[in-house]
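A.B. asks: fold the following.
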Amino acid sequence: MSLSARQIGPARLQVIVADITTLRVDAIVNAANSSLLGGGGVDGAIHRAAGPQLLAECRILHGCETGGAKITSGYRLPARHVIHAVGPVWHGGSRGEDEALASCYRRATELCQTHNLASVAFPAVSTGIYRFPAERAARIAVATTVDTLAVAPSLGLVIFCCFSEASARLHAQSLAEFGDPCAE
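C.D. replies: Residues are numbered from 1 along each chain as shown. All right, here's what the predicted structure looks like:
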């Protein structure tokens with residue numbers, strides 16, 4: 001169920017509450033840690049759902065810096081690819097956390113274009129155990145994605161896949177600031 005949707009240029013942006021591992025899109029984004037070797041939350045769920053081949057491929061990537069993103073196959077997931085984005089740990093906002101979080105969304109969107117992907121689903125990166133304030137993260141996620149769509153014309157569908165209704169409301173509020181409502 002879509003809680004909010006907007007058409008921005010050629011791309012449709014949606015906010016939903018769902019299990020990201022069940023989505024049939026070209027890529028899902030994993031809120032990964034810098035090792036890319038799995039962890040808790042959405043990272044652990046994606047690794048479990050994709051199967052051991054995902055971990056094997058991640059091992060050869062040799063990690064990823066904070067603010068970066070790398071792409072792998074989706075293996076047993078309905079999504080063809082997983083984009084592993086490493087968000088920042090929140091330290092009060094004085095250590096470049098906003099810029100690092102924006103970089104995750106920008107790099108993931110750029111990887112979609114590089115690989116000619118038409119659809120992607122993002123979780124709320126860094127808002128779990130990394131403690132990034134959820135409202136601030138939602139604004140950064142939506143604004144950065146909207147800004148980056150100009151360099152990703154292949155993307156026709158961007159989903160902000162939230163785990164909770166509260167997170168979805170924050171993303172929907174941020175999305176409401178952009179574009180015209182889609183005809184439902």
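A.B. asks: who's in contact with the residue nearest to A143 when sequence neighbours are not counted?
C.D. replies: Nearest non-adjacent residue to A143, counting by CB to CB, 6 or more residues apart in numbering: S174, 7.1 Å away. The C-beta positions use only the backbone N, C-alpha and C, and glycine is treated the same way. Residues counted as contacts of S174 (CB atoms under 8 Å, 6 or more residues apart in numbering) are A138, R139, A141, V142, A143.
A.B. asks: mind checking the SS state of S174?
C.D. replies: Taking DSSP: H, G, I helix; E, B strand; the rest coil as the rule, one finds S174 in the helix state.
A.B. asks: coming back round to it: closest one of the contacts of S174 to V42?
C.D. replies: A141 (13.7 Å; CB to CB).
A.B. asks: next, the buried residues of the helix or strand where that closest one lies.
C.D. replies: For A141, the element it lies in under DSSP states H and E is helix 134-148. Buried positions in helix 134-148, judged by neighbour count with 16 or more other CB atoms under 10 Å: 134-146, 148.
A.B. asks: show me what the helix or strand that comes right after that helix packs onto, helices and strands only.
C.D. replies: Using DSSP H and E, the helix or strand that directly follows helix 134-148 along the chain is strand 157-162. Contact partners of strand 157-162 among helices and strands, from 3 or more CB pairs under 8 Å, 6 or more residues apart in numbering; DSSP states H and E: strand 11-17, strand 119-122, helix 134-148, helix 165-175.
A.B. asks: extract the C-alpha trace of stretch 135-142 and format it as CSV.
C.D. replies: What follows is stretch 135-142 as a C-alpha-only set of coordinates in CSV (Å, rounded to 0.1, in the frame of the first residue of the first chain):
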residue,chain,number,x,y,z
GLU,A,135,12.9,13.1,10.8
ARG,A,136,16.2,14.6,9.7
ALA,A,137,17.1,11.4,7.9
ALA,A,138,13.8,11.4,6.0
ARG,A,139,14.3,15.0,4.8
ILE,A,140,17.8,14.2,3.6
ALA,A,141,16.8,10.9,1.9
VAL,A,142,13.9,12.5,0.0
